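Peer 1: need a 3D model of the sequence below.
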Amino acid sequence: MSEPECAESDRAESIVVGIGATAAATGSDIAAGFASVARSQWTVVAVATLDRKHCAVESFARSLSVPLSKWTAAQLASIVVPAPSLLVDDAVGTPSVAEAAAVLGSGGGALILGKTKVGPVTIAVAVAALLEE
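Peer 2: The predicted structure follows:
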């Protein structure tokens with residue numbers, strides 16, 4: 001049996017933010033997009049995106065002092081996501097950027113926020129998988 005949703009939302013979670021963005025998106029657009037979906041219990045540990053994205057995504061990761069992982073279209077296309085897009089596939093060669101990047105960047109963690117479009121930015125969030133050292 002699963003725990004009640006409210007109990008789950010009270011736990012601190014380390015997350016990876018997957019970002020898709022149009023060429024016109026700015027660092028401010030990305031920050032505002034994330035702020036609109038962020039939850040207080042989330043701790044961002046990394047940002048992930050398509051390897052062709054512009055410096056605005058890099059700037060966002062730097063502003064959070066977290067690493068940025070970049071994935072090829074082929075790597076992103078290998079991830080099954082709940083909301084693939086033919087439009088995105090036609091534009092960049094993968095049916096998902098934000099969701100697939102979040103999953104890959106998290107080391108295979110579960111999506112806890114599916115793709116959410118905020119202006120020129122699409123955000124998805126995955127739980128960061130625990131790294132064993």
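Peer 1: for the chain, what spans make up the strands?
Peer 2: Here the chain has its strands, by DSSP state E, at 13-21, 42-50, 68-71, 111-118, 121-127.
Peer 1: and the fourth one, what does it pack onto?
Peer 2: In this structure, strand 111-118 packs against strand 13-21, helix 27-37, helix 98-105, strand 121-127, with contacts taken as 3 or more C-beta pairs under 8 Å, 6 or more residues apart in numbering; DSSP states H and E. For the C-beta atoms, the positions are set from N, CA and C on the backbone; glycine is no exception.
Peer 1: put the alpha carbons of that strand into PDB.
Peer 2: Presented in PDB, the C-alpha positions along strand 111-118 are these (Å, rounded to 0.1, in the frame of the first residue of the first chain):
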ATOM      1  CA  LEU A 111       9.600  11.500 -12.800                       C
ATOM      2  CA  ILE A 112       7.800  13.400 -10.100                       C
ATOM      3  CA  LEU A 113       6.800  16.300 -12.400                       C
ATOM      4  CA  GLY A 114       6.000  15.500 -16.000                       C
ATOM      5  CA  LYS A 115       6.800  18.100 -18.600                       C
ATOM      6  CA  THR A 116       5.300  21.400 -17.800                       C
ATOM      7  CA  LYS A 117       5.500  24.200 -20.400                       C
ATOM      8  CA  VAL A 118       6.000  27.700 -19.100                       C
END
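Peer 1: quickly run through the sheet partners of it, with directions.
Peer 2: The pairing partners recorded for strand 111-118 under DSSP bridges are strand 121-127 (antiparallel).
Peer 1: ok, now the shortest one?
Peer 2: According to DSSP bridges, the neighbouring strands of strand 68-71, each with its direction, are strand 42-50 (parallel).
Peer 1: for the partner strand, buried residues please.
Peer 2: Buried residues in strand 42-50, counted by 16 or more other C-beta atoms under 10 Å: 42, 44-50.
Peer 1: burial measure for the residue nearest to residue 102 when sequence neighbours are not counted, as a count.
Peer 2: Nearest non-adjacent residue to residue 102, counting by C-beta to C-beta, 6 or more residues apart in numbering: residue 18, 2.9 Å away. Residue 18 sits with 33 neighbouring residues when counted by other C-beta atoms under 10 Å.
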